[in-house]
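Participant: whatever this is, show me its structure:
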Amino acid sequence: MRKTLIALMFAAALPTVAMAMPEGAGPMGGPMDGPRHGGQMYHHGKGGPYSQLDLSREQREQIRKIMGEQMHDRKQLVEKYLEKLSPADQKAMKDEMATKHQKAQADVRAVLKPDQQKKFDEIQKKQAERRAEWAEFKAWKAQQPQKAQ
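Facilitator: Modelled structure (predicted):
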């Protein structure tokens, strides 16, 4: 139970890191001004902890890199503790997280205007396709060492 609680706390903290991403180029080099980011570093319209520092482009990129590494490290930490849970607890946690994610997506979509909803749906479809391709690649890659033997 204690391990489950720790894993849930780490998983719940991940969105906080995503909200703290600095403004400027996104992880793929593109601008972070889509519907998720609102063109600002912080979602509540007041600016974020970095918006008042008058950062140069280079500083924003360095901070973005640091925050990206932190998010990656945090994800690895969650995975490490998730592996220690029983298979039933792992499935329950993943199912609960997926349900909460779907609800959040539905809530976001409800806030959007019809033309924005259409674009949002297209983005969601593309992301689902990319996740499926990635899962297929990971399955293929996992089989490669077996074929070499």
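Participant: show me where pLDDT drops low in the protein?
Facilitator: By pLDDT under 70, the low-scoring segments of the chain are 1-49, 147-149.
Participant: in it, which spans are strands?
Facilitator: Counting by DSSP state E, one finds no strands in the chain.
Participant: ok, longest helix in it?
Facilitator: Scanning the chain for the helix with the most residues, using DSSP state H, yields helix 114-148.
Participant: in it, what's buried?
Facilitator: Residues residue 120 are the ones in helix 114-148 that count as buried (16 or more other C-beta atoms under 10 Å). All C-beta spots, glycine's among them, are computed from the backbone N, C-alpha and C.
Participant: who are the packing partners of it?
Facilitator: Helices and strands touching helix 114-148, by 3 or more C-beta pairs under 8 Å, 6 or more residues apart in numbering; DSSP states H and E, are helix 87-111.
Participant: flag every buried residue along the helix it packs on.
Facilitator: Neighbour-count burial for helix 87-111 flags residue 93 (criterion: 16+ other C-beta under 10 Å).
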